[in-house]
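Visitor: Fold the following.
(chains A and B)
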Amino acid sequence: MSDNIMRTERLNKAFSLGETIYAVTDVSLTIPAGKIVAIVGPSGCGKSTLLSLLGGLDRPMSGDIFLENQSYRMLSEDGLALLRRRKLGYVFQFFNLIPHLTAVENVMLPMSFIGVSRPNAKKRATELLAQVGLAKRLNHLPLQLSGGEQQRVAISRALANNPALVLADEPTGNLDSGSKNDVLDLFKMFNEMNGQTFVLITHDASVAGIAQKVIHMVDGRVLEEK
Amino acid sequence: MIQLAWRFFAKSWRIQVAITCLFAVSVALLIIYGTYLQREVTLLEVRMEGELQDNFIRVELNTSQSGPSKLRRYRGPGPVPVQYLGSWQTGVVNTSHGRLPVAMVTQDEGLNLGITSAEVLIPQTLATLHNLALGDKLMIITAGEHAQFTIAQVHDGTLYGQRLVVWDKNVAVSNVFLFRHESNALSAAVAYLRRTYAEGVFAYSGSTRSAAQEVIDAVYSPGIRARLGVILFISLAFLTVTLFSFLAKRRALAIVKSLGLRTWEMVALLSYEAVLPPLLGSLLGCGLALVTLRWMISAGQQFIIDGAVFANAALSIWPAVAIGIAIPARFTQVATVNQLLFERPVPIQTVIVKELGKRISALDVYTSQGIEFIHLQMEYGYFNGSVFRRLGDYVKQGEVIAVEERWWGLQVVEYHAPITGCITYFQDELGLVGVSPDSNSKLPPLQFDARCGNT
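Guide: Reported below is the predicted structural model:
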């Protein structure tokens, strides 16, 4: 098996907003398997756009992405959906929980897509939520949770199917310092325990501090990889 | 997923109940009106002449002719679907019981009246009217000759109309022709005969009901148009609600798609909400119509409860249901998660440009060296899109050089590298991009702005 779980080839993404904004320009990078990788850079440099592309949430205008040597370009939207359900976990910057479902139901949802039985899904969702300190908030709707709690539910949901790669967009951006450390410990624990790869987008130097590889971005380009 | 679908449904239960009630009332009205129209058709059919039986087709012409027309060549599959039986001339004759309508049958092969030339067939209505019985004598005066006929049989009027029927002795022409069609080939037979008798009036099994239906359709056309209006109204109302509901759920659908929900699962998710109100509404409407019709029948109205009328009314709304599911399903199928999440336009067509559409003679000097070109669509020297490759860049065949969005993002044009090589030509005012298979091209590259005015 390759040492890299993911690689990109000259990714480009632009948006037409009156004038053309080149959000991601010729980005070629590799994500080593089993590592925590941080993507850092100033606001508006294209980090979130890049993560969307890596997660298959958006299509690059040119270039390609390979997850375990599977080209995204060759996949239909359904193919990408299958890839996301089996191999990817995604933590959105603004949580994106389903407002009609409780915390535990939100975490159970991805498990229902891969055919996990309801009792087993509930058991695992409860365990995951307990690990992020939400054991007493299982049956609360997202609107009844604080921003930090919603973020932890979103992290639990991303980890639900035990994906090989977890992509997190500012995962600690809405957490206090205590919760932030808990979440980072959780990432480290899952990384060490299951060998899962984490790609984190952050401004926070302490978050980048736990990463084994840091990718700096400026103006849509990768400036350096350490 | 059922739980999620149910939560979606429960979230908008008021509007769902309203749609269900709208469907129920509409379906009930359509059924009751349909049943009323059907009764009118039946009543009119009874008043009209009886049906032709035994696979007969009768063609009645305005003018008389000697013998049947030569039928045109049959072009359909299998044997000719009709067989000529006989003909007669209709008219009115003086009789011992006054002027009576008569059918004078020519003695062709295939038509057996079952009477001799001195006998007459009489319709039941005339027999009753004139108090005539079998064996009675009837005097018929034709062409100044008096002839006495014996009433041999009574007929029901379906084949000859309410006419006396005799063998024709003096008249050599006919205006009514009788054919028999093959079983299960009625429509083919009628269509075939119409090619010969374009002006003829046709009668056959079912034609009376068709005629009655035509009369009722004409008389009740405002009501029928109103019925179509009701179907259109509830279809549009349903589509509006479904599509607005989809737009309201667009974010939630983006999230479940990001978690790995596939198209058919998305269709299933949307179907719960799209199918349940019409289904419940149809069932409730049928029940409501059934109760109302039973009450009207018990009150003395001559209605017949017909399953076909119920099915037609209940099914008339389902095309809208299919559209209400298909449009959002197609939309979620082609849209990326971010397009759904951030309400970006979803391209419905992608055009790929990978070669120069036509020869440009000014480029011959370059193309002779193997340089292949593509042409970016420029407007006043400005390219309204994104250019990703510069002069001197190495590109692989099929690699995207530029992308342009048209029609508010509904159409995307991708400009692909025509060959693998190096971009050695870029004319930014005309939008010409040339790729050389040999990066050491002998021609000097032209200077240009790689982003074509967008930087």
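
Visitor: just how off-centre is the longest helix along chain A within its chain?
Guide: Ranked by residue count and defined by DSSP state H, the top helix of chain A is helix A:177-194. Its chain's C-alpha centre lies 14 Å from the corresponding centre of helix A:177-194 when counted by CA atoms, centre = their mean, to the nearest Å.

Visitor: Would you mark the buried spots in it?
Guide: A:179-180, A:182-184, A:186-187, A:190-191 (16 or more other CB atoms under 10 Å in any protein chain shown). Where C-beta positions appear, they are placed from N, C-alpha and C, glycine not excepted.

Visitor: any bit of the next helix or strand after that helix sitting next to chain B?
Guide: Downstream of helix A:177-194, the next assigned helix or strand under DSSP states H and E is strand A:197-202. No - judged by CB under 8 Å from any CB of the partner chain, strand A:197-202 stays clear of chain B, getting no closer than 15.0 Å.

Visitor: What average pLDDT does the longest helix of chain A get?
Guide: Helix A:177-194 shows a mean pLDDT of 84.

Visitor: Out of the buried residues of helix A:177-194, flag the one nearest to chain B.
Guide: Closest approach between those and chain B, by CB to the nearest CB: residue A:190, at 18.1 Å.

Visitor: what's near enough to touch that closest one?
Guide: A:159, A:166, A:196, A:198 (CB atoms under 8 Å, 6 or more residues apart in numbering or on different chains).

Visitor: Contact partners for residue 111?
Guide: Assuming you mean chain A. A:120-121, A:124-125, A:160-161.

Visitor: hm, I was asking about chain B
Guide: Going by CB under 8 Å, 6+ apart, the list of residues near residue B:111 reads B:85-86, B:105, B:178.

Visitor: and the residues you listed, which of them are in strands?
Guide: Among the contacts of residue B:111, DSSP state E puts B:85-86, B:105, B:178 in strands.

Visitor: can you redo those residues as JSON lines with distance to residue A:155?
Guide: As requested, the ones in strands among the contacts of residue B:111 are arranged in JSON lines below (distance: CB to CB, whole Å):
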{"residue": "B:85", "distance to residue A:155": "87"}
{"residue": "B:86", "distance to residue A:155": "91"}
{"residue": "B:105", "distance to residue A:155": "95"}
{"residue": "B:178", "distance to residue A:155": "86"}
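
Visitor: Can you lay out these as JSON lines showing distance to residue B:326 and pLDDT?
Guide: Conversion of these to JSON lines gives the following (distance: CB to CB, whole Å; pLDDT from 0 to 100):
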{"residue": "B:85", "distance to residue B:326": "52", "pLDDT": "87"}
{"residue": "B:86", "distance to residue B:326": "56", "pLDDT": "88"}
{"residue": "B:105", "distance to residue B:326": "60", "pLDDT": "89"}
{"residue": "B:178", "distance to residue B:326": "51", "pLDDT": "89"}
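
Visitor: Please identify which helix or strand holds the residue nearest to the spatial centre of chain B.
Guide: A centroid search over chain B (CA atoms, centre = their mean) returns residue B:319, at 11.7 Å, as the residue closest to the centre. Assigned by DSSP H and E, residue B:319 belongs to helix B:318-334.

Visitor: right, quick check: that helix against chain A, any contact?
Guide: Yes - if you take CB under 8 Å from any CB as the test, helix B:318-334 does meet chain A, through B:333-334.

Visitor: residue ranges with poor pLDDT in the stretch 351-455 of chain B?
Guide: Within the stretch 351-455 of chain B, the stretches with pLDDT under 70 are B:438-455.

Visitor: Quick check: mean pLDDT of the helix or strand just after the helix holding residue B:319?
Guide: Next helix or strand after helix B:318-334 toward the C-terminus (DSSP H and E): helix B:337-341. Mean pLDDT, computed over helix B:337-341, is 87.

Visitor: Over to stretch B:14-30?
Guide: Average pLDDT, stretch B:14-30: 89.

Visitor: touching chain A at all, that stretch?
Guide: No - Stretch B:14-30 lies out of reach of chain A by CB under 8 Å from any CB, never closer than 14.4 Å.

Visitor: Pull the distance from that stretch to the chain's centre.
Guide: Remark: stretch B:14-30 is offset 25 Å from the chain centroid, using CA atoms, centre = their mean.

Visitor: which residues are in contact with that stretch?
Guide: B:9, B:227, B:230-231, B:233-234, B:237-238, B:241, B:245, B:273, B:276-278, B:280-282, B:284-286, B:288-289, B:292, B:312-314, B:316-317.

Visitor: Of those residues, grab the buried ones for ChimeraX.
Guide: Per 16+ other CB under 10 Å, the buried members of the contacts of stretch B:14-30 correspond to this ChimeraX selection:
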select /B:9,227,230,231,234,237,238,241,245,273,276,277,278,280,281,282,284,285,286,288,289,292,313,314,316,317
